[in-house]
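[1] sequence and predicted structure, then a few things I'm wondering about:
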Amino acid sequence: MLSFVREALIDAGLAAPQSRLTYNVVLSTGDALSMEVNDPEHGWYHVKASRYRDLSEQFARYCLARARFQTRTPEPLAHVRLGGWSILMAHATDHRSVGAGDLAGAPESSRLGGDLIDFFAVARAHAPADSKEPSHEAFMSEVRTYLSAYPGISPKVLASLATLDRSLLADIPHIPQHGDFVLNNLGRAHGRLLVFDWEDYDATRLAGFDIFMMSLSVAGMNESSARMIQQTEDPSGHPWSFAQDACVTSGLAYSTFRAAVPIYLLTFRYLKQNYGLEIGRRIDQILSRILP
């Protein structure tokens with residue numbers, strides 16, 4: 001596989017045939033391998049490789065995200081197919097990880113917090129002019145079709161999908177979402193926010209989904225945190241205190257955001273369908289316990 005990665009970098013003009021490359025491969029529970037590849041003459045690259053999925057659509061999503069969010073996201077460089085492998089290449093970006101404490105307090109109290117709110121402002125700026133296509137109801141119909149065929153899914157989850165509140169869906173703006181907006185996918189460089197892993201970008205336009213995923217990420221990915229986010233009217237003093245300002249920036253009523261927590265969890269369950277059984281069971285457990 002590494003020989004194909006090397007050939008892909010050379011074919012894309014990102015490495016020379018004589019380059020002595022070093023690789024740092026990261027094992028994944030998904031269906032792609034991720035690695036950092038260093039070419040002493042050209043720098044570092046982030047590479048994803050899969051034998052099971054065509055990553056060309058992911059590459060297109062990365063390119064769209066780069067065009068819209070500019071330096072908030074690493075630059076995608078090329079996608080090639082070699083030896084049965086689909087290989088996506090991007091510039092690697094030197095950065096530090098973001099922790100829950102970095103986002104604590106009022107969003108405007110730090111540059112990073114301000115950048116987070118600005119991220120949602122940019123996302124809203126790229127909302128589709130026609131909010132009817134695709135509709136939230138059509139998207140949730142896809143979710144229902146997938147989960148209905150999933151073995152072992154809770155009857156309570158299926159019942160919730162059959163009785164979704166259409167008026168609630170109508171109150172949620174249509175804004176392209178990152179799709180996996182969690183702490184692990186945030187970084188900072190020179191004090192500025194960086195956002196990684198755009199493979200699910202615009203897979204849903206349910207405004208507030210990214211806000212909820214980041215809120216759940218900083219509060220703890222469990223039933224108790226999901227319930228707290230759902231029930232707390234004023235998030236001030238909580239790890240997800242940024243959520244209220246983020247909702248204002250997104251044109252989303254905070255009460256609607258809280259009411260939509262089950263919808264956001266169902267969406268997360270659907271988008272993570274390729275991430276194995278463990279994460280699916282975890283979200284199913286949370287859903288089963290917070291649904292009425």
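    Now that the structure is in, tell me what you want to look at. Numbering: from 1, shown residues only.
[2] got the domain ranges for the chain?
    Domain assignment of the chain by automatic domain parsing yields the ranges 2-91, 97-290.
[3] need these in TSV (columns: mean neighbour count and mean pLDDT).
    The way it works is simple: take the backbone N, C-alpha and C, and place the C-beta from them, glycine included. TSV is the format used below for the domains of the chain (neighbours: other CB atoms under 10 Å; pLDDT from 0 to 100):
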stretch	mean neighbour count	mean pLDDT
domain 2-91	17	89
domain 97-290	17	88
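[4] list the contacts for Ser86?
    49-51, 53-56, 79 (CB atoms under 8 Å, 6 or more residues apart in numbering).
[5] who are the contact partners of the closest residue to Ile175 other than its chain neighbours?
    Spatial nearest neighbour of Ile175, excluding adjacent residues (CB to CB, 6 or more residues apart in numbering): Ala207 at 4.2 Å. Going by CB under 8 Å, 6+ apart, Ala207 touches 124, 127, 172-175, 177, 250-252.
[6] thinking again about what came up before, closest to Ser160 out of the contacts of Ser86?
    Nearest to Ser160, judged by CB to CB, of these is Arg53 at 29.3 Å.
[7] what's the separation between the residue nearest to the closest one when sequence neighbours are not counted and Arg51?
    Residue nearest to Arg53 in three dimensions, not counting chain neighbours: Asp31, with 5.4 Å by CB to CB, 6+ apart. In this view, Asp31 and Arg51 are 9 Å apart by CB to CB, to the nearest Å.
[8] repeat for Ser241
    For Ser241 relative to Arg51 (CB to CB), the value is 43 Å.
[9] equivalent analysis for Met214, please.
    Taking CB to CB, one finds Met214 at 32 Å from Arg51.
[10] so the residue nearest the centre of the chain: helix, strand or coil?
    The centroid of the chain falls nearest to Asp180 when counting by CA atoms, centre = their mean (1.7 Å). In three-state terms, and counting by DSSP: H, G, I helix; E, B strand; the rest coil, Asp180 is coil.
[11] got a list of what it touches?
    197, 199-200, 213, 271-272.
[12] all helices of the stretch 51-200 of the chain, in order?
    For the stretch 51-200 of the chain, helices defined by DSSP state H, counting those that start in this stretch occupy the ranges 56-69, 111-125, 136-148, 155-162, 166-170.
[13] turn these into a markdown table, columns for distance to Ile290.
    A markdown table is the format used below for those (distance: least, CB to CB, whole Å):
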| stretch | distance to Ile290 |
| --- | --- |
| helix 56-69 | 30 |
| helix 111-125 | 24 |
| helix 136-148 | 16 |
| helix 155-162 | 10 |
| helix 166-170 | 15 |
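[14] wait, which of the ones you listed is closest to Gly280?
    For Gly280, the closest of those is helix 136-148, at 9.7 Å, according to CB to CB.
[15] by contact count, what packs against the closest one?
    Contact partners of helix 136-148 among helices and strands, from 3 or more CB pairs under 8 Å, 6 or more residues apart in numbering; DSSP states H and E: helix 155-162, helix 166-170, helix 261-271.
[16] partners of the helix or strand harbouring Trp44, with directions?
    Using DSSP states H and E, Trp44 sits within strand 43-50. With DSSP bridges as the test, strand 43-50 is paired with strand 33-39 (antiparallel), strand 85-91 (antiparallel).
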